[in-house]
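Undergrad: just coords:
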C-alpha cells in the first residue's frame, strides 16, 4: 500500500488539482489492465494558510505531516 504526500500545498484548489492528477494516473493504469488501489493522500503543512485552514484541508486528506510528525 502506498501513501502519497504532496509538499508545499497552499490552497484547497491546488490540493484538489494534485488529487485529480493522481486519479488520472490511476485511470490510465486501470485502462492498461492494472489493478489500482488508490493511496492514502496527505499534505505537508508548511504554509501558514494551510495551518489556519486545517479543518477544511482535513476533509480532503487522509493525513497531515508537520515537521517530523505525521498525524
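TA: That came in fine, so what should we check first? Treat the numbers as computed from the prediction; the structure is a model and nothing was measured. Residues are numbered from 1 along each chain as shown.
Undergrad: now the end-to-end length of stretch 60-67.
TA: Start-to-end span of stretch 60-67 (C-alpha to C-alpha, to the nearest Å) is 20 Å.
Undergrad: in that stretch, what's buried?
TA: Neighbour counts over stretch 60-67 (16 or more other C-beta atoms under 10 Å) mark 61, 64, 65 as buried. Just so you know, the C-beta spots here come from the backbone N, C-alpha and C atoms, and that holds for glycine as well.
Undergrad: and the contacts of it?
TA: The contact list for stretch 60-67, computed with C-beta atoms under 8 Å, 6 or more residues apart in numbering, reads 3, 5, 12, 15-16, 19, 40-45, 54, 57-58, 70-71.
Undergrad: what about the residues you listed, which are in helices?
TA: 12, 15, 16, 19, 54, 57, 58 (DSSP state H).
Undergrad: what's the farthest-apart pair in those residues?
TA: 19 and 54 (17.2 Å; C-beta to C-beta).
Undergrad: those two - which one has more neighbours?
TA: Between residue 19 and residue 54, counted using other C-beta atoms under 10 Å, the more crowded position is residue 19 (16 against 13).
Undergrad: list buried members of the contacts of stretch 60-67 by neighbour count.
TA: Buried residues within the contacts of stretch 60-67, counting neighbours by 16+ other C-beta under 10 Å: 5, 15, 19, 41, 42, 43, 44, 45, 57.
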